[in-house]
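> got a sequence here, can you model it:
(4 chains)
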Protein chains: 2
Amino acid sequence: MHNLTVRYGSGVTDDLVLRRQVCFALYAASRALTDVYRPILDGLGLTYPQYLVLLVLGERDEAATVSALGECLHLDSGTLSPLLKRLEGAGLVVRRRSAADERRVEVELTAQGRALRERMADVPQQVARATGLATADLVALRDTLTRVTETIHRQKEQ
Amino acid sequence: MHNLTVRYGSGVTDDLVLRRQVCFALYAASRALTDVYRPILDGLGLTYPQYLVLLVLGERDEAATVSALGECLHLDSGTLSPLLKRLEGAGLVVRRRSAADERRVEVELTAQGRALRERMADVPQQVARATGLATADLVALRDTLTRVTETIHRQKEQ
DNA sequence: CCCAAATCAATTGTGCACAACTTGACTGTG
DNA sequence: CACAGTCAAGTTGTGCACAATTGATTTGGG
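Numbering: from 1, shown residues only, chains lettered A, B, ... in the order given. Sure thing, here's the model as predicted:
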(Lines give C-alpha, C1' and ligand atoms only; values in the text may rest on other atoms or scores of the structure.)
Protein backbone atom coordinates (compact mmCIF):
# COMPACT_ATOMS: atom_id res chain seq x y z
CA MET A 1 0.00 0.00 0.00
CA HIS A 2 2.88 2.27 -0.78
CA ASN A 3 1.25 3.43 -3.99
CA LEU A 4 -2.12 5.11 -3.71
CA THR A 5 -2.39 6.24 -7.30
CA VAL A 6 -4.60 4.58 -9.85
CA ARG A 7 -4.57 4.67 -13.61
CA TYR A 8 -7.83 4.66 -15.47
CA GLY A 9 -9.48 5.11 -18.84
CA SER A 10 -8.09 8.35 -20.17
CA GLY A 11 -4.53 7.58 -19.16
CA VAL A 12 -4.69 10.31 -16.55
CA THR A 13 -3.13 9.43 -13.23
CA ASP A 14 -5.16 10.58 -10.29
CA ASP A 15 -4.97 10.36 -6.56
CA LEU A 16 -7.49 8.70 -4.28
CA VAL A 17 -7.32 11.36 -1.61
CA LEU A 18 -7.86 13.99 -4.24
CA ARG A 19 -10.71 12.10 -5.84
CA ARG A 20 -12.55 11.86 -2.52
CA GLN A 21 -12.82 15.63 -2.32
CA VAL A 22 -15.78 17.36 -3.92
CA CYS A 23 -13.80 20.56 -4.06
CA PHE A 24 -11.19 19.03 -6.31
CA ALA A 25 -13.85 17.57 -8.58
CA LEU A 26 -15.37 21.03 -8.86
CA TYR A 27 -12.01 22.68 -9.47
CA ALA A 28 -11.01 20.11 -12.10
CA ALA A 29 -14.40 20.14 -13.87
CA SER A 30 -14.43 23.92 -14.00
CA ARG A 31 -11.03 24.04 -15.68
CA ALA A 32 -11.88 21.15 -18.00
CA LEU A 33 -14.99 22.97 -19.14
CA THR A 34 -13.17 26.23 -19.78
CA ASP A 35 -10.75 24.13 -21.84
CA VAL A 36 -13.75 23.21 -23.98
CA TYR A 37 -14.75 26.85 -24.30
CA ARG A 38 -11.29 28.12 -25.13
CA PRO A 39 -11.00 26.95 -28.76
CA ILE A 40 -14.61 27.93 -29.48
CA LEU A 41 -14.21 31.40 -27.94
CA ASP A 42 -10.78 31.87 -29.50
CA GLY A 43 -12.58 31.95 -32.83
CA LEU A 44 -14.56 34.91 -31.52
CA GLY A 45 -11.52 36.59 -29.99
CA LEU A 46 -12.92 36.27 -26.46
CA THR A 47 -11.90 34.79 -23.15
CA TYR A 48 -14.47 33.00 -21.02
CA PRO A 49 -15.08 35.85 -18.55
CA GLN A 50 -15.35 38.28 -21.46
CA TYR A 51 -17.94 35.98 -23.02
CA LEU A 52 -19.97 36.03 -19.80
CA VAL A 53 -19.90 39.82 -19.68
CA LEU A 54 -21.17 40.04 -23.26
CA LEU A 55 -23.92 37.53 -22.42
CA VAL A 56 -25.16 39.71 -19.59
CA LEU A 57 -24.92 42.94 -21.55
CA GLY A 58 -26.77 41.38 -24.49
CA GLU A 59 -29.78 40.62 -22.30
CA ARG A 60 -30.26 44.23 -21.34
CA ASP A 61 -31.69 47.04 -23.38
CA GLU A 62 -30.09 49.66 -21.22
CA ALA A 63 -26.49 49.94 -20.03
CA ALA A 64 -25.22 48.10 -16.96
CA THR A 65 -23.01 49.56 -14.27
CA VAL A 66 -19.78 47.84 -13.32
CA SER A 67 -21.19 46.83 -9.97
CA ALA A 68 -24.35 45.39 -11.57
CA LEU A 69 -22.15 43.21 -13.76
CA GLY A 70 -20.20 42.28 -10.68
CA GLU A 71 -23.32 41.15 -8.88
CA CYS A 72 -24.38 38.97 -11.82
CA LEU A 73 -20.99 37.35 -12.22
CA HIS A 74 -19.83 37.46 -8.61
CA LEU A 75 -16.80 39.52 -9.64
CA ASP A 76 -15.43 42.78 -8.25
CA SER A 77 -14.13 45.91 -9.95
CA GLY A 78 -10.57 44.68 -9.57
CA THR A 79 -11.39 41.96 -12.06
CA LEU A 80 -13.94 43.80 -14.18
CA SER A 81 -12.23 47.16 -14.72
CA PRO A 82 -9.28 45.83 -16.72
CA LEU A 83 -11.50 43.27 -18.48
CA LEU A 84 -13.91 46.00 -19.59
CA LYS A 85 -11.02 48.16 -20.68
CA ARG A 86 -9.91 45.33 -22.98
CA LEU A 87 -13.45 44.88 -24.35
CA GLU A 88 -13.57 48.62 -24.99
CA GLY A 89 -10.21 48.44 -26.73
CA ALA A 90 -11.64 45.71 -28.97
CA GLY A 91 -14.57 48.00 -29.85
CA LEU A 92 -17.18 45.70 -28.31
CA VAL A 93 -18.41 47.96 -25.50
CA VAL A 94 -18.42 51.63 -24.54
CA ARG A 95 -17.98 52.99 -21.02
CA ARG A 96 -19.10 56.37 -19.71
CA ARG A 97 -19.62 57.98 -16.33
CA SER A 98 -23.28 58.14 -15.36
CA ALA A 99 -24.73 61.65 -15.61
CA ALA A 100 -27.02 61.01 -12.63
CA ASP A 101 -24.28 59.63 -10.36
CA GLU A 102 -20.72 60.31 -11.35
CA ARG A 103 -19.37 57.47 -9.23
CA ARG A 104 -20.96 54.96 -11.56
CA VAL A 105 -19.69 53.82 -14.94
CA GLU A 106 -22.22 52.61 -17.48
CA VAL A 107 -21.22 49.86 -19.87
CA GLU A 108 -23.06 49.12 -23.09
CA LEU A 109 -22.59 46.98 -26.18
CA THR A 110 -21.55 48.69 -29.40
CA ALA A 111 -23.06 47.65 -32.74
CA GLN A 112 -19.97 45.49 -33.18
CA GLY A 113 -20.54 43.98 -29.73
CA ARG A 114 -24.15 43.14 -30.58
CA ALA A 115 -23.03 41.58 -33.85
CA LEU A 116 -20.55 39.40 -32.00
CA ARG A 117 -23.20 38.38 -29.52
CA GLU A 118 -25.31 36.99 -32.38
CA ARG A 119 -22.41 34.78 -33.35
CA MET A 120 -22.32 33.45 -29.77
CA ALA A 121 -25.76 31.88 -30.08
CA ASP A 122 -24.78 28.26 -30.56
CA VAL A 123 -21.83 28.18 -28.17
CA PRO A 124 -23.86 26.58 -25.31
CA GLN A 125 -24.97 23.62 -27.44
CA GLN A 126 -21.46 23.00 -28.70
CA VAL A 127 -20.15 22.98 -25.16
CA ALA A 128 -22.98 20.89 -23.72
CA ARG A 129 -22.25 18.27 -26.36
CA ALA A 130 -18.61 18.17 -25.34
CA THR A 131 -19.53 17.29 -21.75
CA GLY A 132 -21.03 14.02 -22.99
CA LEU A 133 -24.00 14.31 -20.61
CA ALA A 134 -27.72 14.11 -21.38
CA THR A 135 -29.76 17.29 -21.07
CA ALA A 136 -31.55 16.02 -17.97
CA ASP A 137 -28.21 15.30 -16.28
CA LEU A 138 -26.94 18.74 -17.20
CA VAL A 139 -30.03 20.39 -15.72
CA ALA A 140 -29.68 18.38 -12.52
CA LEU A 141 -25.99 19.18 -12.30
CA ARG A 142 -26.60 22.86 -12.86
CA ASP A 143 -29.30 22.97 -10.17
CA THR A 144 -27.11 21.23 -7.62
CA LEU A 145 -24.26 23.59 -8.38
CA THR A 146 -26.50 26.61 -8.12
CA ARG A 147 -27.75 25.30 -4.78
CA VAL A 148 -24.17 24.95 -3.52
CA THR A 149 -23.30 28.46 -4.64
CA GLU A 150 -26.39 30.00 -3.08
CA THR A 151 -25.96 28.12 0.17
CA ILE A 152 -22.39 29.32 0.46
CA HIS A 153 -23.30 32.93 -0.31
CA ARG A 154 -26.19 32.82 2.13
CA GLN A 155 -23.98 31.53 4.93
CA LYS A 156 -21.37 34.17 4.26
CA GLU A 157 -23.89 36.89 5.02
CA GLN A 158 -24.53 35.63 8.51
CA MET B 1 -39.94 42.45 -20.44
CA HIS B 2 -37.21 45.00 -20.50
CA ASN B 3 -35.70 43.63 -17.30
CA LEU B 4 -34.57 40.02 -17.29
CA THR B 5 -32.86 40.08 -13.93
CA VAL B 6 -34.34 38.51 -10.83
CA ARG B 7 -33.62 39.14 -7.19
CA TYR B 8 -33.67 36.23 -4.83
CA GLY B 9 -32.84 35.05 -1.33
CA SER B 10 -29.29 36.13 -0.78
CA GLY B 11 -29.78 39.58 -2.26
CA VAL B 12 -27.62 38.58 -5.20
CA THR B 13 -28.84 39.74 -8.58
CA ASP B 14 -28.52 37.14 -11.28
CA ASP B 15 -29.34 36.82 -14.91
CA LEU B 16 -31.65 34.26 -16.47
CA VAL B 17 -29.49 33.66 -19.50
CA LEU B 18 -26.54 33.12 -17.24
CA ARG B 19 -28.44 30.84 -14.92
CA ARG B 20 -29.44 28.58 -17.80
CA GLN B 21 -25.83 27.73 -18.52
CA VAL B 22 -24.21 24.81 -16.74
CA CYS B 23 -20.82 26.30 -17.40
CA PHE B 24 -21.63 29.42 -15.42
CA ALA B 25 -22.98 27.34 -12.54
CA LEU B 26 -19.74 25.40 -12.52
CA TYR B 27 -17.64 28.54 -12.73
CA ALA B 28 -19.59 30.27 -9.95
CA ALA B 29 -19.66 27.21 -7.68
CA SER B 30 -15.95 26.65 -8.09
CA ARG B 31 -15.16 30.19 -7.03
CA ALA B 32 -17.69 30.12 -4.20
CA LEU B 33 -16.10 26.97 -2.85
CA THR B 34 -12.59 28.38 -2.99
CA ASP B 35 -14.02 31.35 -1.07
CA VAL B 36 -14.91 28.86 1.64
CA TYR B 37 -11.42 27.42 1.59
CA ARG B 38 -9.63 30.73 1.65
CA PRO B 39 -10.14 31.72 5.30
CA ILE B 40 -9.48 28.16 6.46
CA LEU B 41 -6.30 27.83 4.40
CA ASP B 42 -5.19 31.35 5.29
CA GLY B 43 -4.77 30.07 8.82
CA LEU B 44 -2.31 27.51 7.45
CA GLY B 45 -0.57 30.03 5.20
CA LEU B 46 -1.62 28.19 2.05
CA THR B 47 -3.50 28.92 -1.15
CA TYR B 48 -5.91 26.36 -2.54
CA PRO B 49 -3.59 24.98 -5.28
CA GLN B 50 -0.76 24.78 -2.74
CA TYR B 51 -3.07 22.82 -0.45
CA LEU B 52 -3.79 20.36 -3.27
CA VAL B 53 -0.09 19.84 -3.93
CA LEU B 54 0.56 19.09 -0.26
CA LEU B 55 -2.37 16.66 -0.27
CA VAL B 56 -0.86 14.69 -3.13
CA LEU B 57 2.67 14.74 -1.72
CA GLY B 58 1.42 13.59 1.68
CA GLU B 59 -0.09 10.47 0.16
CA ARG B 60 3.25 9.30 -1.22
CA ASP B 61 6.14 7.77 0.59
CA GLU B 62 8.54 8.65 -2.17
CA ALA B 63 9.05 11.96 -3.95
CA ALA B 64 6.90 13.03 -6.90
CA THR B 65 8.16 14.59 -10.11
CA VAL B 66 6.73 17.88 -11.31
CA SER B 67 5.01 16.15 -14.23
CA ALA B 68 3.47 13.49 -11.93
CA LEU B 69 1.98 16.29 -9.83
CA GLY B 70 0.80 17.90 -13.04
CA GLU B 71 -0.98 14.74 -14.10
CA CYS B 72 -2.76 14.44 -10.76
CA LEU B 73 -3.87 18.05 -10.68
CA HIS B 74 -4.22 18.65 -14.42
CA LEU B 75 -1.68 21.48 -14.22
CA ASP B 76 1.47 22.15 -16.27
CA SER B 77 4.98 23.22 -15.29
CA GLY B 78 4.12 26.83 -16.06
CA THR B 79 1.77 26.77 -13.09
CA LEU B 80 3.61 24.30 -10.88
CA SER B 81 7.20 25.58 -11.14
CA PRO B 82 6.57 28.94 -9.47
CA LEU B 83 4.10 27.40 -7.02
CA LEU B 84 6.66 24.80 -5.92
CA LYS B 85 9.31 27.48 -5.64
CA ARG B 86 7.06 29.31 -3.19
CA LEU B 87 6.41 26.11 -1.20
CA GLU B 88 10.16 25.54 -1.09
CA GLY B 89 10.68 29.12 0.07
CA ALA B 90 8.21 28.45 2.89
CA GLY B 91 10.23 25.38 3.91
CA LEU B 92 7.41 22.93 3.18
CA VAL B 93 9.01 20.97 0.32
CA VAL B 94 12.44 20.29 -1.15
CA ARG B 95 13.23 20.00 -4.86
CA ARG B 96 16.18 18.20 -6.40
CA ARG B 97 17.15 16.98 -9.85
CA SER B 98 16.69 13.24 -10.23
CA ALA B 99 19.99 11.34 -10.23
CA ALA B 100 18.61 8.77 -12.68
CA ASP B 101 17.22 11.33 -15.13
CA GLU B 102 18.48 14.85 -14.83
CA ARG B 103 15.56 16.25 -16.74
CA ARG B 104 13.26 15.40 -13.85
CA VAL B 105 12.84 17.32 -10.61
CA GLU B 106 11.75 15.38 -7.53
CA VAL B 107 9.60 17.12 -4.98
CA GLU B 108 9.19 15.89 -1.41
CA LEU B 109 7.65 17.14 1.83
CA THR B 110 10.00 18.36 4.55
CA ALA B 111 9.35 17.54 8.22
CA GLN B 112 7.68 20.95 8.42
CA GLY B 113 5.57 20.09 5.40
CA ARG B 114 4.45 16.80 6.94
CA ALA B 115 3.60 18.61 10.18
CA LEU B 116 1.44 21.09 8.27
CA ARG B 117 -0.26 18.28 6.45
CA GLU B 118 -1.41 16.82 9.80
CA ARG B 119 -3.06 20.13 10.56
CA MET B 120 -4.94 19.88 7.24
CA ALA B 121 -6.83 16.77 8.35
CA ASP B 122 -10.19 18.32 9.18
CA VAL B 123 -10.30 20.86 6.35
CA PRO B 124 -12.59 18.68 4.15
CA GLN B 125 -15.26 18.31 6.83
CA GLN B 126 -15.27 22.04 7.56
CA VAL B 127 -15.71 22.79 3.90
CA ALA B 128 -18.31 20.10 3.26
CA ARG B 129 -20.38 21.57 6.09
CA ALA B 130 -20.22 25.01 4.47
CA THR B 131 -21.78 23.68 1.27
CA GLY B 132 -24.96 22.85 3.19
CA LEU B 133 -25.41 19.58 1.33
CA ALA B 134 -25.92 16.07 2.72
CA THR B 135 -23.08 13.58 2.31
CA ALA B 136 -25.03 11.54 -0.25
CA ASP B 137 -25.64 14.66 -2.34
CA LEU B 138 -21.98 15.57 -2.16
CA VAL B 139 -20.95 12.10 -3.30
CA ALA B 140 -23.41 12.23 -6.20
CA LEU B 141 -22.24 15.72 -7.15
CA ARG B 142 -18.62 14.70 -7.02
CA ASP B 143 -19.26 11.66 -9.21
CA THR B 144 -21.13 13.68 -11.82
CA LEU B 145 -18.35 16.25 -11.89
CA THR B 146 -15.71 13.58 -12.21
CA ARG B 147 -17.67 12.07 -15.07
CA VAL B 148 -17.81 15.44 -16.83
CA THR B 149 -14.08 15.97 -16.40
CA GLU B 150 -13.20 12.49 -17.63
CA THR B 151 -15.53 12.72 -20.61
CA ILE B 152 -13.97 15.99 -21.65
CA HIS B 153 -10.43 14.71 -21.29
CA ARG B 154 -11.28 11.53 -23.15
CA GLN B 155 -12.75 13.47 -26.07
CA LYS B 156 -9.74 15.72 -26.23
CA GLU B 157 -7.49 12.74 -26.93
CA GLN B 158 -9.38 11.77 -30.07
C1' DC C 1 -25.90 73.25 5.69
C1' DC C 2 -21.95 70.42 6.99
C1' DC C 3 -19.32 66.67 7.54
C1' DA C 4 -18.70 61.74 8.64
C1' DA C 5 -19.84 57.51 6.68
C1' DA C 6 -20.91 54.99 2.78
C1' DT C 7 -20.52 53.95 -2.14
C1' DC C 8 -18.37 53.21 -6.65
C1' DA C 9 -14.69 52.42 -9.77
C1' DA C 10 -9.95 52.12 -10.43
C1' DT C 11 -5.31 50.75 -9.03
C1' DT C 12 -1.67 47.92 -6.90
C1' DG C 13 0.25 43.65 -5.64
C1' DT C 14 0.13 38.55 -5.29
C1' DG C 15 -0.88 34.15 -7.11
C1' DC C 16 -2.77 31.11 -10.17
C1' DA C 17 -3.73 29.18 -15.31
C1' DC C 18 -2.19 28.51 -19.78
C1' DA C 19 0.11 29.22 -24.39
C1' DA C 20 4.45 29.55 -26.48
C1' DC C 21 9.16 29.20 -26.22
C1' DT C 22 13.86 27.93 -24.32
C1' DT C 23 17.27 24.96 -22.39
C1' DG C 24 19.19 20.91 -21.11
C1' DA C 25 18.92 15.85 -21.01
C1' DC C 26 17.67 11.41 -22.79
C1' DT C 27 16.50 7.78 -26.56
C1' DG C 28 16.38 5.25 -30.59
C1' DT C 29 18.00 4.48 -35.22
C1' DG C 30 21.22 4.09 -38.48
C1' DC D 1 28.97 6.83 -32.08
C1' DA D 2 26.15 10.58 -34.16
C1' DC D 3 22.24 13.04 -34.14
C1' DA D 4 17.35 13.89 -34.97
C1' DG D 5 13.53 13.62 -32.32
C1' DT D 6 11.49 13.68 -27.94
C1' DC D 7 10.83 14.88 -23.26
C1' DA D 8 11.13 17.53 -18.64
C1' DA D 9 11.23 21.70 -16.32
C1' DG D 10 11.61 26.46 -16.40
C1' DT D 11 10.62 31.20 -18.34
C1' DT D 12 7.88 34.82 -20.49
C1' DG D 13 3.71 37.11 -21.46
C1' DT D 14 -1.35 37.61 -21.03
C1' DG D 15 -5.47 37.47 -18.49
C1' DC D 16 -8.15 36.48 -14.77
C1' DA D 17 -9.33 36.52 -9.32
C1' DC D 18 -9.09 38.77 -5.11
C1' DA D 19 -7.35 41.59 -1.07
C1' DA D 20 -6.29 46.11 0.14
C1' DT D 21 -6.02 50.80 -0.82
C1' DT D 22 -7.11 55.24 -3.16
C1' DG D 23 -9.82 58.97 -4.83
C1' DA D 24 -13.90 60.92 -6.26
C1' DT D 25 -18.79 61.30 -5.30
C1' DT D 26 -23.01 60.90 -2.87
C1' DT D 27 -25.88 60.45 1.22
C1' DG D 28 -27.73 60.98 5.69
C1' DG D 29 -27.72 62.64 10.48
C1' DG D 30 -27.20 66.45 13.42
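> what helix or strand is A:Asp101 located in?
Assigned by DSSP states H and E, A:Asp101 belongs to neither a helix nor a strand.
> tell me, how many residues neighbour it?
By other C-beta atoms under 10 Å in any protein chain shown, 9 other residues sit near A:Asp101. No exception for glycine: its C-beta is placed from N, CA and C like everyone else's.
> how close does it sit to chain B?
Distance, A:Asp101 to chain B, using C-beta to the nearest C-beta, to the nearest Å: 18 Å.
> look up how far B:Thr146 lies from that residue.
A:Asp101 sits 47 Å away from B:Thr146 when distances are taken as C-beta to C-beta, to the nearest Å.
> one more: A:Ala115?
Note on A:Ala115: its distance to B:Thr146, by C-beta to C-beta, is 39 Å.
> more crowded one of the two?
Set side by side, A:Ala115 and B:Thr146 show more neighbours around B:Thr146, with 17 against 11, by other C-beta under 10 Å.
> for the residue nearest to A:Arg31 when sequence neighbours are not counted, give me its contacts.
Nearest non-adjacent residue to A:Arg31, counting by C-beta to C-beta, 6 or more residues apart in numbering or on different chains: B:His74, 6.5 Å away. By C-beta atoms under 8 Å, 6 or more residues apart in numbering or on different chains, the contact set of B:His74 is A:12, A:28, A:31-32, B:153.
> ok, and the most crowded of these?
Neighbour max across the contacts of B:His74 (other C-beta under 10 Å) = A:Ala28, 27 neighbours.
> next one: the residue nearest to A:Arg31 from DNA strand D, what distance?
B:His74 sits at a distance of 14 Å from DNA strand D (criterion: C-beta to the nearest atom of the strand, to the nearest Å).
> same question, A:Tyr37
Per C-beta to the nearest atom of the strand, A:Tyr37 is found 11 Å from DNA strand D.
> doesn't that residue fall inside a helix?
Yes - the assignment for A:Tyr37, made by DSSP: H, G, I helix; E, B strand; the rest coil, places it in a helix.
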